[in-house]
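> Okay, sequence plus prediction incoming.
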Amino acid sequence: MIDPDADLVRSAGAGDARAAEALVRRHLPRMVSLARRMLSDAAEAEDVAQEVFLRVWREAPRWKPGAAKFETWMHRVALNLCYDRLRRKREKTDPDAGLFVADTAPLASEAWLTQQRAQRVNAALALLPERQRAAIALVHYQDMTNIAAAEMLDVSVEALESLLARGRRALKAALADVAQDLLGDADGAARF
Amino acid sequence: MDRARFEALLDAYGADLRRWPADERAAAAAFKLQYGPELGAEIDAERRLDEALASVWSADAASDALAARILAARPQPNADDGGFDRRALFALAACAVFGVLLGFGGGSLAPGANDDGVEDYIAMAFDGPLTEFGDEG
């Protein structure tokens, strides 16, 4: 297995500043993106991404290419940090937190519709169980292959497919009541 | 590929075949070509969900400030360690020189081997004249 990050990690671990910058350039946006999908919070997502890289700096000097690619390891770390934050949130937030609150502003423009649609979909994603949300984030937003995503979630490919299918079914159900102006259905019926 | 497998993959990965498992993509494409019209409604529903998910996609470009914070948190082993090593080596060398000088200097302060008082000092230390040890043999 060829790890495209192996050389960079080795160099960064040896103190090479350029290699460290290259690692940040290559992976930071993806870490932020994954954390945002998981946490629905931009500031928290940045905190998670920063924490992932603190661990990268700590592990890089002794990193040995092994069974998992470095990117897989990073995604696992990010997901675990997100799970921890979600668990802490669950323990201390009220049950209505995170529920979508419809914007009552009048229909105004295509941009407004796009924004409403995005909010609605984000809210539906946020209500998925963590593992289903992670599976969808990895496959749909991080463009991971099924094998890589399964490895990151530490499950079999069959289990990944089950998580994805359950997640997508839940999303279709959650979005079924969305009006035509949000889903853009030409004949006015939600067709999920 | 049979219909059940195609539907299972459609359920899991959505309508875009590029997300499907690489080793099943060709068979799925052939199946879709042949039976696509029968599965039109199912494929359409999944495509709509794909589009909805894509509508919230964004590059999530990380801020430069975040990247700078992350890089600043990186340990700086080369510069700092080098400086420390030089200081430590200098201190070690200074200690060695001081030790050698102390050895030479200390020798001049100790009583000489032929000094008259030496035997008395030793005798006092062992509570008796040295000659007594010689007699024991």
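Nice, I can see it.

> B:S63: neighbouring residues, count only.
12 (other Cβ atoms under 10 Å in any protein chain shown). For the C-beta atoms, the positions are set from N, CA and C on the backbone; glycine is no exception.

> Tell me who's in contact with it.
B:S63 makes contact with A:E46, according to Cβ atoms under 8 Å, 6 or more residues apart in numbering or on different chains.

> Spell out the residue ranges of the helices in chain B.
B:3-13, B:22-35, B:40-55, B:64-72, B:77-109, B:117-126, B:131-136 (DSSP state H).

> for the second one, packing partners?
The elements that helix B:22-35 packs onto, with contact taken as 3 or more Cβ pairs under 8 Å, 6 or more residues apart in numbering or on different chains; DSSP states H and E, are helix B:3-13.

> who does the helix it packs on touch, helix- and strand-wise?
Where contact means 3+ Cβ pairs under 8 Å, 6+ apart, helix B:3-13 is packed against helix A:157-175, helix B:22-35, helix B:40-55.

> Could you look over the ones you listed and pick the most buried one?
Each of the helices and strands packed on helix B:3-13 was scored by mean neighbour count; the highest is helix A:157-175, a mean of 19, by mean count of other Cβ atoms under 10 Å in any protein chain shown.

> For it, report the contacting residues that lie outside it.
So helix A:157-175 is contacted by A:120-121, A:124-125, A:127-129, A:131-136, A:139, A:146-147, A:149-150, A:153, A:155, A:183, A:190, A:192, B:8-9, B:11-14, B:21, B:45-46, B:49, B:52-53 (Cβ under 8 Å, 6+ apart).

> could you redo the last one with a cut-off of 7 Å?
A:120-121, A:124, A:127-128, A:131-133, A:135-136, A:139, A:146-147, A:149-150, A:153, A:192, B:8, B:11-14, B:45, B:49, B:52 (Cβ atoms under 7 Å, 6 or more residues apart in numbering or on different chains).

> Give me the buried subset of those residues.
Among these, those classed as buried by 16 or more other Cβ atoms under 10 Å in any protein chain shown are A:120-121, A:124, A:128, A:131-133, A:135-136, A:139, A:146, A:149-150, A:153, A:192, B:11-14, B:45, B:49, B:52.

> Wait, B:L10 touches B:E46, no?
Yes - with contact defined as Cβ atoms under 7 Å, B:L10 counts as touching B:E46 (5.5 Å).

> Can you find the helix or strand in the chain with the smallest mean pLDDT?
Using chain A here. In chain A, no helix or strand scores lower on mean pLDDT, DSSP states H and E than helix A:180-183, which sits at a mean of 49.

> that answer is for a different chain, and I need it for chain B
For chain B, counting by mean pLDDT, DSSP H and E, that's helix B:131-136 with a mean of 47.

> what about A:R117, distance to A:E110?
To A:E110, A:R117 is 10 Å away according to Cβ to Cβ, to the nearest Å.

> Looking at those two, which one has more neighbours?
Neighbour count, other Cβ under 10 Å: between A:R117 and A:E110, A:R117 has more, with 20 against 8.

> right, and the more buried one touches B:L53 too?
No - contact criterion Cβ under 7 Å: A:R117 and B:L53 do not qualify, at 10.9 Å.

> quick check: domain ranges of chain A?
As assigned by automatic domain parsing, chain A contains the domains A:1-93, A:95-192.

> What mean pLDDT does the shortest one get?
In this model, domain A:1-93 carries a mean pLDDT of 91.

> Quick one: distance of that domain to the chain centre.
12 Å (Cα atoms, centre = their mean, to the nearest Å).

> which other residues reach the one helix or strand A:K89 maps to?
Taking DSSP states H and E as the definition, A:K89 sits inside helix A:70-92. The contact list for helix A:70-92, computed with Cβ under 7 Å, 6+ apart, reads A:3, A:5-6, A:9, A:27, A:31, A:34-35, A:38-39, A:44, A:48, A:51-52, A:55-56, A:63, A:130, A:134, A:148, A:151-152.

> Going by neighbour count, list what's buried in the very next helix or strand once past it.
The first helix or strand that comes after helix A:70-92 along the chain, using DSSP H and E, is helix A:110-126. Buried residues in helix A:110-126, counted by 16+ other Cβ under 10 Å: A:116-126.

> Mark which of the contacts of helix A:70-92 are buried, thanks.
Here, 16+ other Cβ under 10 Å leaves A:3, A:5, A:9, A:27, A:31, A:34-35, A:38-39, A:44, A:48, A:51-52, A:56, A:63, A:134, A:148, A:151-152 buried among these.

> So which residues on chain A come close to chain B?
A:15, A:20-21, A:24, A:28-29, A:32-33, A:36, A:46, A:49-50, A:53-54, A:57, A:114, A:117-118, A:121-122, A:139-141, A:145-146, A:161, A:164-165, A:168, A:171-172, A:175, A:183, A:191-192 (Cβ under 7 Å from any Cβ of the partner chain).

> which residue ends up closest to the midpoint of chain A in space?
The centroid of chain A falls nearest to A:L34 when counting by Cα atoms, centre = their mean (2.8 Å).
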